[in-house]
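Chemist: Sharing a sequence plus its predicted fold:
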2 protein chains.
Amino acid sequence: MRASGRYPATVPGPVDHRRDRVLELLRQEGGRVTTARRAVLSVLLDEGRRHVSAEEIAEAVHDRHPDVHLSTVYRTLEAFESIGVVTHVHLGHGRAIYHLTDELHHHAACESCGQVLQLPDSIFTDVQATLQEMYGFEVDAHHFALVGRCEACAVG
Amino acid sequence: MRASGRYPATVPGPVDHRRDRVLELLRQEGGRVTTARRAVLSVLLDEGRRHVSAEEIAEAVHDRHPDVHLSTVYRTLEAFESIGVVTHVHLGHGRAIYHLTDELHHHAACESCGQVLQLPDSIFTDVQATLQEMYGFEVDAHHFALVGRCEACAVG
DNA sequence: TTAGCTGCAAAAGGTTTGCAAATTA
DNA sequence: TAATTTGCAAACCTTTTGCAGCTAA
């Protein structure tokens, strides 16, 4: 299925298991496994690309499947979100970014250079508890990113 | 400048001082004070409307100045932001909300009913300190809202 | 077979921009 | 007068949607 050379051989192990788990869940929920969906999932599973906009996903998919339309990417992401395996986060103006759900973490986006810092889940624990106690408000903090300036940009 | 009757007389005191301060600052920075800008400022100063989208501001302005265009409202808000008296916050999908800067507070928006909770500034103190220490990241948390479900909506 | 996807084109929703005319200082 | 603002229309960008054809199960 893949030409030799340019791409490393598929690494057996957790990544593949994960792909299979997602696809199986999708099928269980009445969804269908298609080329486009497999391709989007591959991009999301790609270690190097864990925080990507829909457009970036589409571009990556186009390397191998130039015919997959951006709207299909959006619909695929929606399907993945509806079965709980994908989440999106708003970084501010413009695009949202998507990532697989099971890596629970928060985000801090640099307004200046766009870098997205991944933060441990624990960082919001206190805030979450405080809001729950004082206001009965249930924070879904994974949906949003903190905004500010990263170390490098803060200096200037 | 104002017809009698329908509108209460201008309340003397802090509100007016504040309006004057903003307009003076605007002039100091080389900006001009116009009807549209005065009107937008009035909406922002209005106690009852401290968190409003650009469109809502435009609607309110239209009560008295039907000719002020939405794009002028955006440009006015931009001008106010550039002199530091206005901030906007993204609540999630869609519109941003604008408010005067000197009331430093955070926001928690209910995904379900849209209600915006105002939180004391202190709520993020620890998170801010942690990020600064561990990552050198300077949080500008006022720019974003926490998202989740308010007490009423969380029940269902 | 048939419910569920897909590509395409077009719309939607919020925000920004170019421009000539109007206004402020 | 000179520099800023304004209204308008049109563009922009991201995301969503309608539809007819295609495909997975």
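Modeler: Received the coordinates, thanks. Just so we're clear, the structure is a prediction, and the values are computed from it rather than from any experiment.
Chemist: From now on I want contacts and neighbour counts done on CA atoms only, so please keep to that.
Modeler: Will do.
Chemist: in chain A, which segments are predicted with low confidence?
Modeler: Under the criterion pLDDT under 70, the flagged ranges of chain A are A:1-16, A:102-104, A:156.
Chemist: Show me which residues of it are close to DNA strand C?
Modeler: Residues of chain A found near DNA strand C (CA under 7 Å from any atom of the strand) are A:30-37, A:67-72, A:75-76.
Chemist: Would you write out the ChimeraX command that picks the buried residues out of these?
Modeler: Only the buried entries of the residues of chain A next to DNA strand C go into this ChimeraX selection, using 16 or more other CA atoms under 10 Å in any protein chain shown:
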select /A:36,37,68,70,76
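Chemist: which pair in the residues of chain A next to DNA strand C spans the largest distance?
Modeler: Farthest pair in the residues of chain A next to DNA strand C (CA to CA) is A:Gly30 and A:Asp67. Separation: 24.5 Å.
Chemist: Wait, a strand at A:Leu146?
Modeler: Yes: according to DSSP: H, G, I helix; E, B strand; the rest coil, A:Leu146 belongs to a strand.
Chemist: Check which element follows the helix or strand where A:Ala60 lies along the chain.
Modeler: Using DSSP states H and E, the element containing A:Ala60 is helix A:54-62. Later in the chain than helix A:54-62, the nearest helix or strand by DSSP H and E is helix A:70-82.
Chemist: Quickly check: that next one near DNA strand D or not.
Modeler: Yes: residues of helix A:70-82 contacting DNA strand D under CA under 7 Å from any atom of the strand: A:70-71, A:74-75.
Chemist: Could you point out which of the residues you listed is nearest to A:Ala108?
Modeler: Set against A:Ala108, the nearest of those by CA to CA is A:Tyr74 (23.7 Å).
Chemist: Skipping adjacent residues, who's closest to that closest one in space?
Modeler: A:Ala54 (6.5 Å; CA to CA, 6 or more residues apart in numbering or on different chains).
Chemist: what's the burial count for the one you found?
Modeler: Using other CA atoms under 10 Å in any protein chain shown, A:Ala54 is surrounded by 22 other residues.
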